[in-house]
Every structure is written in structure tokens, then in C-alpha cells.
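Just the structure for this:
(2 chains)
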Amino acid sequence: MLNLETAAAPHRLRRVAIEPVSRVEGHGKVTILLDQENRVHQVRLHIVEFRGFEIFIEGRPYWEVPVAVQRLCGICPVSHLLAATKAMDVIAGFGPLTPTAEKLRRLLHYGQIVQSHALHFFHLSSPDLLLGFESEVAKRNIVGVAAAFPDLARQGVMTRKFGQEVIRHVAGKRIHGTGIIPGGVNKALSVEDRDTMRSGVDQIVEWSKEAVGLVVKLHETSPEFYRTFGEARANMMGLVDARGAPDFYDGGLRARDADGGPIFDHVDPASYKSLLQEDVKNWTYMKFPHIKALGAEKGWYRVGPLARVQVCDVLPTPLAEAERRKFLAAGDGKPLHGALMYHWARMIEMLLAAELARGLLDDPDIVGTDLMADKGPRREEAVGVIEAPRGTLFHHYRVNDDDLVAYCNLIVSTTNNNQAMNESIRAVAQRFLSGREVTEGLLNHIEVAIRAYDPCLSCATHALGEMPLEVDLFDAEGALVSRLRKG
Amino acid sequence: MDNEFTIDEQPVPFVPGQTILEAAKAAGYYIPHLCFQPDFKRHGGCKLCTVLVNGRTQTACTHKAAVGQEVDVNTPELNAMRRSLVQMLFIEGNHFCPACEKSGACQLQALGYEYEMMSPHFVELYPHREVDATHPDVMIDFNRCILCELCVRASRDVDHKEIFAVAGRGLDAKLIINSPTGKLGDSAFAVADRAAQVCPVGAIVIKRVGFATAIGDRPYDREPISAEAESCELPEVR
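Below is the predicted model of the structure:
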């Protein structure tokens, strides 16, 4: 049993709940069990909403799936659109994408990384970091940040807007566009739209660099605190290209252990089921994946910015790579596992995505008109994997002879981080809450650790029919009358 | 004054034998409809084209134009009724526009926008309906069928195959397929059939081409459904 996951005698303990967890996407709650001396015995992050996309996508035609599954989320729907379409490229029988189609997909993806990372840092997390974890709760929000740091807030809003405009130009809408279809894309990028984006991207690169600088400054105010807050030593996983650079759109799976040692490398993501296993627990709708070979106790891992900048060997753009080296120096050559280090890594990635987008906007292929790949025979099964803003995202489908989906399995970025998030909040609870009078500000420390992962809780809940359920019926005196158990 | 009537007090010429709807279209006046197509026998089923003829309700797609008729089309009461009809069509089926490949080219959706449908208003019935994807080239999603019978008429009168019929009454009415198994794949249906091209919603769709048209290029992205008034041709509905 993992430390602080399940108390030995929960009925004797006092329960404190943070519900809902705020400034994250989706609905979750945290429960903490304390004894009479306020010592922490149990901490759990529960996902209390249920989406069930894996089930209701069954029986739908495969070409509808990418557009349908992106409705999982309003923050990074592009991730689901791309992952599902990558799978459907294969199932529909298409060969390699045309250069223009792949570059447009990448541009779209980099645009969403910019907007998602900007949203998370400026809108959701900067209130804690800039105003203080225990600052006045009524002002601890983006409006409070805008009042105290108007120029910074404006940069955040405008950076996000740029990313959204990239999405609109490529996919047709800022949210839930349909530009990406099996085999390619359905619309060429006009020269006029390209020029509009090109005229703005230099500023976004500059602001992203400044955002990294801001996180570094915050870190320098208390390096030890930032390095160790919510620290959870975890394995790390991400997609890398042949050079060992992170690849947001494609690549092979690489995992390293908490000390940076290799676990696996350049593995075809289609074989994810041989690498990873998902467990379910009866207190949350979110599954618990782990590296199969290491087992549930030791095999859980971290994905997303903090993992990606540390499993890679290099970043492919000069400004971002320079910032990554500074980041690594903060760990004295050892991987960093503090939850707040996510923010630093995330802003490096925002800079990386902005630079990558700039490179594509300078590429003549981006306004090409050869949009669709050649088509061959249809296939039955495929896995589409990308690096979403929050981490590695798996979409696995089987499609029957009638073109209808017969099986769907999604391992969403946030799901990969389930155990790591739980471990981080346990570390925070143990360090900051245990033995103290619980206050709103102290409870916000828990939320700060969760927010650092930028979880998308609504994306991550699909374990329909798999979660073991137990219903106990007690009489008025508390005696167990009957018990129903499933799973 | 020969061969002329009025729509909303404006004079409209007609050719003897024309319906009010046909004369209105020829004159560039929009009267909404879902089950009408000029190539097929008039049906009068959807009731969207209900107008007042000398104060009495009539379906414009079946009622012949006549000299001196005073026809009311665009009144608040009639438009409110049309909105309710559209809302009832939405709640009787399972119409989820966000993931529907017909979005932007769907006449039901376009009429929802035309009549400012801001909510379903009525309680959704969420009926249990199947998807028939047994045909190699065409799929029927019964969730989206509005029983306009355009496919019935196209298959019977143009394709001469009689693939489709409507069975049952009221809420139990449903589209059925003329094949030994009741499945489209076991019927004589072909993708080139006219019946494969006439569905005004996303019920009968050609396989594997969904979402090929970009947002902004779909028919009702460019102009509202009421802009079709001057032509009897419906927009490309794919």
C-alpha cells in the first residue's frame, strides 16, 4: 500500500474536503483524513465527474470520431482531434501525409500548446505564484493579477490569443474546428492568413522568453522551496524523435527513471499495451496507469512538461534549448521532481512551441495545396499518440468491416499523471498541513500542487464498467445490513 | 392582375398549376420547408411551409396558387410555430450537431438558426435508434431521421427501387428498408441512387467523406437557408 493513500482506521479520523478543486479543468475533489492532533493519515485526489467517451464512441463511424472526441475538452481539443485522426489515418488506409498536411497539423498543434500553456500559467496558476499561496482569496485570481500586474496579464491574454488564432486559421474555429481529417487536412492555409500569423509570432516568441524569465525569477526567490514543494520522485515518459528531441506530434516513446536512467527508448507507441497497464480504484473515476515491467508500486510515472524537458536529450530550437540548460542546472545534473518545477518546464515548452511555429510559418510548404495522402486498403486497428500540452495522449481504436468503431481506449495525459499528482499532494499535506490548524491558505497549498500538473480532469475519466463499486447498507445503529460489490 | 396573388401584401405572379411555394421561390420569396424537393411528388409532411391563405392555414408546398389569394408567410405567429416544429424535430430524434458531419450543410440545423432556436424547449426523448452501416458506400443513422420521406419518394419515383418506406404511426413511426434482413447492405440500394443524395439532415450519408468540406466553405456557413429562395435547387448537402 502506498504511503498515505489509505488510512488504517479511517472511521476514527476527521475528514477535510477541498471540493471542487478550483482553477483546473474539470471537476475533482481532495479528501484528507486527520486525527485529533491534525496529523495526516490519508490524502486522495478524486475525480468526481464521469465522461465515458470510450463507450459512447463505439458504434459510430470512424470518420466522425476525431471531431466527436475533441468535445472531450474545451482547453486542448486539438490534442484529441490530432490523436484520433492519426489513428484514423491508418485505419482509413492512408499512406504518409503530404508535407503540407503534416506541417499544417504541426502548426495547429504548436498553436494549441502556446494557448494552453499560456492559459494555464497566466490565468490559472499565476495568481498563486505572483500574489502568494495564502494571499487574500477574493483577489487570488486572474482579475487580481491583472490589477497588480497589468502588463503581464495583457501579455498572457495576447499570447493565448495568438495560439487560438493559429488554431482558427488551420482548423476553421478557435475551439472544436474540423480542419484535420483522416488522410490530411481539408483546407489549405491562405498566404494572407500565413502572413497575419507571421507578423505576430516574433512578439510571441519574445513574450514566451520573458515568461520563462519570470518563472526563473520566482524560483530564485526561494530555490529550495520551489525545488521541493510537492516533490514526488517519479519515472518520466514522453515522445522523442530520432535525435532524442521531444516531438509533440509524433515519435517514439521514451521513459526514464527518477534518477534519469533508461527504462525504454524509441518504442513504437502502437505497442503501448505491452508497456503500460491501467489499474482502477474504487474511490475515483480516473485510472492509474503504470509501466507494466516495474509493477504498480514502482512503475507509476509522470508526463507533461516536467517529464518532457527531462527525458529528452536536446530541444530543437535555440532559445528553448538555452533555457532548458539553465533548468537542468537547477537540479545539479539530477532530474527535478518538485511540482512547481512544472511551471518552469511549461514556459520553456511555450517558448519551444512558439519558435517551432515561427519556423513553420517561414516554410513555403505551409501554404501548399497538396493536402491529402494516397489511400490504400482499409485497416482494422490503430493507435494514435501525440504529446498533448499536459502529456502523452493515447487513442486506440478498432473499426469493424462496416466502418463503425468496435473498441476505443483512451489514455489521456492527465490519467498518466494520476499517481504522481496524488503523491505530490500527499507530500504537501505531510509537510504543510500535518499537525497544524487547517486554514484556507494551507488547503490552497494542496490545490497549488494539483494545478502545477495542469490536470484536465474532464478529459481523464472513461473507466465505464471497469471501476469496482461497493455499496454498503447500514441500519440506524451503524450495523452492516448488506453489501453489493461489482468489479 | 392576371395570375397574381400576394405574399405578405407583395404581388407575386404565378403560372397556373404552380403551388404557392413554387411561385414564391420563382419570385425570390422564401418559404421554409424540409420535405419539399421540386423533383418529387408533393408531400406536405413537415409543415414548415405552413402559411395563411386568406386567413386559413395551408401547406404552401401542396396548395395551388390562385388569383387574388392573400398569403401571409412571415408573421411572428407563423415563425413561432415554425420554431416549435423545428424544436420538436430535434427532440424526437438524437441530433448532436457538434459531432455531425452534416453540420453546416444540414437543413434542420439551418432552420434552427433561421428561426432563432436557442434551446430544445421541449423535453428530449432520446429514443433508442440504430445505425445501419451494412452498405459498403452509404450509412443510415436513424438517430437523425426526421421522416421527411424524401428518400422514400426518390427511391420510388426516380430510382424505381422502393428501398424505403415509413412504418408505424406517431412516435412509433420509423424508416424501414426493403430487404430480406431489413438492412441496407442487403438491399438494391446504390450510392449513385438519387435517394442517396436527398437527405436534408445527416441520416443518409455517403461513407468516408464526412468533414471533407472546411468550416467556412459549407453551404450554410456562406449564407443562411433563406437565401435559397431564388432557386429551386437546394444547396449541396454533403
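
helix, strand or coil for the spatially most central residue of chain B?
By CA atoms, centre = their mean, chain B has its centre lying nearest to B:Leu34, at 2.0 Å. Look at B:Leu34: counting by DSSP: H, G, I helix; E, B strand; the rest coil, its state is coil.

That one and B:Leu108 touch, don't they?
Yes - shown here, B:Leu34 and B:Leu108 form a contact pair, counting by CB atoms under 8 Å, at 6.7 Å. Yep, even glycine has a C-beta here, placed from its N, CA and C like the rest.

Show me the common contact partners of the two, please.
Each of B:Leu89, B:Ile146, B:Pro200 lies in contact with both B:Leu34 and B:Leu108 under the rule CB atoms under 8 Å, 6 or more residues apart in numbering or on different chains.

what's the pLDDT at the second one?
Which is B:Ile146. B:Ile146 is assigned 97 on the pLDDT scale.

For the closest residue to it other than its chain neighbours, the count of nearby residues, please.
The shortest distance from B:Ile146 to any residue other than its chain neighbours is 5.1 Å, reached at B:Leu89 (CB to CB, 6 or more residues apart in numbering or on different chains). Close neighbours of B:Leu89, defined as other CB atoms under 10 Å in any protein chain shown, add up to 20.

Check which element follows the host helix or strand of B:Leu89 along the chain.
Assigned by DSSP states H and E, B:Leu89 belongs to helix B:76-92. Moving toward the C-terminus from helix B:76-92, the next helix or strand (DSSP H and E) is helix B:107-114.

Show the average pLDDT along that following helix.
Mean pLDDT, helix B:107-114: 97.

Do any residues in the helix or strand following that helix lie close to chain A?
Note on helix B:107-114: by DSSP H and E, the next helix or strand toward the C-terminus is strand B:131-132. Yes - counting by CB under 8 Å from any CB of the partner chain, contacts between strand B:131-132 and chain A involve B:Val131.

what's the spacing between strand B:131-132 and its chain's center?
Taking CA atoms, centre = their mean, to the nearest Å, one finds strand B:131-132 lying 21 Å from the centre of the chain it belongs to.

go on, stretch A:295-303?
The answer for stretch A:295-303 is 16 Å, by CA atoms, centre = their mean.

Buried residues, that stretch. List them.
Of all the residues in stretch A:295-303, those buried under the rule 16 or more other CB atoms under 10 Å in any protein chain shown are A:Gly299, A:Trp300, A:Tyr301, A:Arg302, A:Val303.

does the first one really touch A:His290, like I thought?
Yes - here A:Gly299 lies in contact with A:His290, judged by CB under 8 Å, at a distance of 3.6 Å.

ok, now which ones touch A:Asn400?
A:Glu380, A:Ala406.

Please report how far it lies from A:Gly435.
Per CB to CB, to the nearest Å, A:Asn400 is found 58 Å from A:Gly435.

wait, what's in contact with whichever residue of the stretch 201-350 of chain A sits closest to chain B?
Going by CB to the nearest CB, chain B is nearest to A:Tyr249 of the stretch 201-350 of chain A, at 19.9 Å. By CB under 8 Å, 6+ apart, the contact set of A:Tyr249 is A:Leu82, A:Glu102, A:Arg105, A:Arg106, A:His109, A:Ile386, A:Glu387.

which two in the residues you listed are spaced the farthest apart?
A:Glu102 and A:Glu387 (15.3 Å; CB to CB).

quick one, which of the two is more surrounded?
Neighbours were counted for A:Glu102 and for A:Glu387 using other CB under 10 Å; A:Glu387 has more, 28 against 17.

What is the three-state secondary structure of that one?
Here A:Glu387 is recorded as strand under three-state DSSP.

Quick one: low-confidence residue ranges for the chain.
No chain specified, so I'll use chain A. For chain A, the stretches with pLDDT under 70 are A:1-2, A:48-50, A:458-487.

wrong chain, I was asking about chain B
In chain B (pLDDT under 70), the answer is B:1, B:229-238.

and it, which residues reach chain A?
B:98-101, B:131, B:133-134, B:139, B:185, B:207-217.

In ChimeraX, how would I select the buried members of these?
Listed next is the ChimeraX selection for buried residues among the residues of chain B next to chain A, using 16+ other CB under 10 Å:
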select /B:99,100,101,131,133,134,139,185,207,208,210,211,212,213,214,215
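
got the contact list for the residue in chain B that chain A sits nearest to?
Across chain B, the shortest distance to chain A (CB to the nearest CB) belongs to B:Ile215, at 3.0 Å. By CB under 8 Å, 6+ apart, B:Ile215 lies in contact with A:Ala171, A:Gly172, A:Lys173, A:Gly177, A:Thr178, A:Gly179, B:Gly104, B:Asp221.

what about burial for these, which qualify?
So, by 16+ other CB under 10 Å, the buried ones in the contacts of B:Ile215 are A:Ala171, A:Gly172, A:Gly177, A:Thr178, A:Gly179, B:Gly104.

These in helices, which ones?
Residues of the buried ones among the contacts of B:Ile215 located in helices (DSSP state H): A:Ala171.

of the buried ones among the contacts of B:Ile215, closest to B:Cys49?
B:Gly104 (22.9 Å).

residue contacts, the residue in the stretch 1-150 of chain A positioned nearest to chain B?
Relative to chain B, the nearest point of the stretch 1-150 of chain A is A:Ala68 (3.7 Å; CB to the nearest CB). Shown in contact with A:Ala68 (CB under 8 Å, 6+ apart): A:Phe53, A:Ile57, A:Arg60, B:Pro98, B:Ala99.
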